[in-house]
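Colleague: the following block contains a protein sequence and its predicted model.
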Amino acid sequence: MKTRLTRRSVLLSGAAMLGGLSAQRLLAAETNATALPSLAGKTVLVTGSTDGLGRAVALKLAGAGAHVIVHGRNRERGAAVVKEIDALNKGGAMFYAADFASLAAVREFAAAILKDHRQLHLLINNAGIGSADADGGKDREVSADGFERRFAVNYLSGFLLTRLLLPTLIASAPARIVNIASLAQRPIEFDDVMLERDYDGGRAYSQSKLAQILFTQDLAEELKGTRVTANSLHPATYMDTAMVRDAGVTPRSTVEQGADAVVYVATSSDLDGKSGLFFNGKAEMRANAQAYDVQARARLRELSTKLTGV
C-alpha cells in the first residue's frame, strides 16, 4: 500500500532530471515555496499527485516544509515524486497506491493513512479523469462498483475519502479541504445521474465537477465552528496536462499557474476561516446555480451516502 524513501539528498546539477522535473526547476520550485507560510509539522494529502497538477502542488507544499502524503496508481511514479520531495530536505513524503475507480480501494487507502498518521491538516482532492481516455475515447465506462466512471473517480471517491478522514481533520484543526473542480459545470440530472441515456464524456466530466462543488458547499455548512474550512476551485484553463492533451485540446496555461492557485487556496492567510467559496484561479466567483440549491445538495448527499455507505 505505501512506500517510504528515506534518502535525503539527490544531486542537483546541470541537466540532471528527476522524474521529468529538471534540477533547475526543482530548485526554483523550492525557492518559490519560501513565499508560502511555513508548513513545518503539518501533514497534507494530495490525491492524484504522481503527475501533472497534483505533483506540482505536492512539490510546492513540500518545499514549505509539509510532510506530503503522495497518492496515485503507479508505484514507480509515486516513488519518483517521493524522491524529489526528499531531495528538498524539508518535511518528507510517503506514497500510497490506490485506484479511485474502486470504493474498496479508497477505503483501504483511508485506513492506511489513519493507521500511519495521527494528524491531517490539509486534504486536496485532486485525483480525477477528464472527458476523454488516453486514447481519446469518450465512451461510457463503469467503475469497479458499477457506477459511471467519471462520476465515480472524480466525485464519489473524493466524497468517500473525505468522509472517512473528516474526524482526523477536525481533530487536527485548523485544517482545510480543497476540492479541485472546474469551470466546466453541468447541472446534475438526478433522474439519470449515471448517464445511461445519451452519454457524452464532456457532460459526464462537467457533471462530476459540479458534484464536487455541491459537496464543498455542504461541507462548509457542516463544518461551521470546527475550524475546518472547505473551498473549491478551477485552477487554470486547459493546463498542459495529459488530461487536456488526451481530450485533443491545445493547452492554454501551465501547470505552474494552476499549482499556484491551488496552493493559494490551500495555504493563504487571506482565507483563514473562510469556507464555501469557489475560485477561478485566485479570484473568487460564483459557481453554477445548482451549487447553491439546498434541495439539490440534499439529493446529492442522500445519493452519495447510499452509494458509498458512509
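Modeller: That came in fine, so what should we check first? Residues are numbered from 1 along each chain as shown.
Colleague: what ranges does the stretch 101-250 of the chain have for its strands?
Modeller: 122-125, 175-180, 228-234 (DSSP state E, counting those that start in this stretch).
Colleague: partners of the shortest one, with directions?
Modeller: Next to strand 122-125 in the sheet, as set by DSSP bridges, lie strand 43-46 (parallel), strand 175-180 (parallel).
Colleague: what helices and strands are in contact with the host helix or strand of Q295?
Modeller: Following DSSP states H and E, one finds Q295 within helix 294-308. Packing partners of helix 294-308 (3 or more C-beta pairs under 8 Å, 6 or more residues apart in numbering; DSSP states H and E): helix 157-171, helix 201-222. C-beta coordinates here come from the backbone N, C-alpha and C atoms, glycine included.
Colleague: rerun at 10 Å
Modeller: Under the contact criterion of 3 or more C-beta pairs under 10 Å, 6 or more residues apart in numbering; DSSP states H and E, helix 294-308 touches helix 103-116, helix 157-171, helix 201-222.
Colleague: what sits up against that helix?
Modeller: 103, 106-107, 145-147, 151-152, 155-157, 159-161, 163-164, 187-188, 190, 193-194, 210-211, 213-218, 221-222, 289-291, 293, 310 (C-beta atoms under 10 Å, 6 or more residues apart in numbering).
Colleague: single out the most deeply packed of the strands paired with strand 122-125.
Modeller: strand 43-46 (a mean of 28; mean count of other C-beta atoms under 10 Å).
Colleague: only the buried residues of stretch 100-108, if you could.
Modeller: By neighbour count on 16 or more other C-beta atoms under 10 Å, the buried set for stretch 100-108 is F100, A101, S102, L103, A105, V106, R107.
Colleague: how far away is the last one from F100?
Modeller: Okay, so that is R107. Going from R107 to F100 by C-beta to C-beta, to the nearest Å gives 11 Å.
Colleague: overlap in contacts, these two.
Modeller: With C-beta under 10 Å, 6+ apart, R107 and F100 have common neighbours L160, L161.
Colleague: what's the most buried one of the helices and strands packed on helix 294-308?
Modeller: Taking mean count of other C-beta under 10 Å, helix 201-222 is the most buried of the helices and strands packed on helix 294-308, at a mean of 23.
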